[in-house]
Structure formats: structure tokens, C-alpha cells
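# Sequence plus predicted model, see below.
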Amino acid sequence: MNKWISVKERLPDTAGYYMVAIDYREELRVSVATYSETDDGLKWYSWHEYENDGATEGITHWMPMPELPEELERTG
């Protein structure tokens, strides 16, 4: 099982989708964010349209995405 990793401890080594814990406007959220390459290096981006208002700035923890349930795994 994956465990939450503090962004103060370290950030992901590679770009991709990650589960994130967000402290945003005094509300705690769990979401999915993209860690992507930019001209300034790797940076977090929100996966949800409604969070494109800076919600990723409050990311406190992250973890790799969990495995899909076997019945949902796609082939090819």
C-alpha cells in the first residue's frame, strides 16, 4: 500500500498523475494532480477544471496512483 509523502520531504522523481492532499481555503481535499515538465522544471497542475484557480498551490502531500481493480484493467 502507498503512503502519503510530504512535499517538504520530497517531490516525485518523474512526471505523471498523482493523488494529492490539498489544504485549500481552509478546506482539506484529496484530488488527482499532474506533475508535468515546464520551462521552469517540474510543476503541479490540477486535474479538475474547477481547481484551476490555484488549488495546487496548497498541495501538502502526494502519493503514486493506486493500481486499478483487476476487472477495470485494460489490455492493448
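Happy to help now that I have it. Residues are numbered from 1 along each chain as shown.
# close enough to count as contact, residue 66 and residue 17?
No. Applying CB atoms under 8 Å, one finds residue 66 not in contact with residue 17, separated by 11.0 Å. Just so you know, the C-beta spots here come from the backbone N, C-alpha and C atoms, and that holds for glycine as well.
# Neighbour count for the two, which is higher?
For residue 66 versus residue 17, neighbours defined as other CB atoms under 10 Å are more numerous around residue 17 (14 against 9).
# Enumerate the positions of whichever strand or helix holds the more buried one that are buried.
Per DSSP states H and E, residue 17 falls inside strand 16-24. Buried residues in strand 16-24, counted by 16 or more other CB atoms under 10 Å: 18-22, 24.
# so which of those residues comes closest to residue 4?
residue 21 (6.3 Å; CB to CB).
# Please read off the pLDDT at the spatially closest residue to that closest one that is not a sequence neighbour from the model.
Excluding the flanking residues, the one nearest residue 21 by CB to CB, 6 or more residues apart in numbering is residue 61, at 4.2 Å. The confidence metric pLDDT takes the value 94 at residue 61.
# Quick check: bridge partners of residue 61?
Beta-bridge partners of residue 61, counted by DSSP bridges, are residue 6, residue 21.
# and it, what does it touch?
Neighbouring residues of residue 61 by CB atoms under 8 Å, 6 or more residues apart in numbering: 4-7, 20-21.
# Redo the residues you listed as a markdown table? Include pLDDT and distance to residue 41.
Listed next are those as a markdown table, based on pLDDT from 0 to 100; distance: CB to CB, whole Å:
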| residue | pLDDT | distance to residue 41 |
| --- | --- | --- |
| 4 | 96 | 23 |
| 5 | 96 | 18 |
| 6 | 95 | 19 |
| 7 | 92 | 14 |
| 20 | 92 | 18 |
| 21 | 91 | 22 |
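# need these in CSV with distance to residue 40, can you?
Supplementary listing: the contacts of residue 61 in CSV, determined by distance: CB to CB, whole Å:
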residue, distance to residue 40
4, 25
5, 22
6, 22
7, 16
20, 19
21, 23
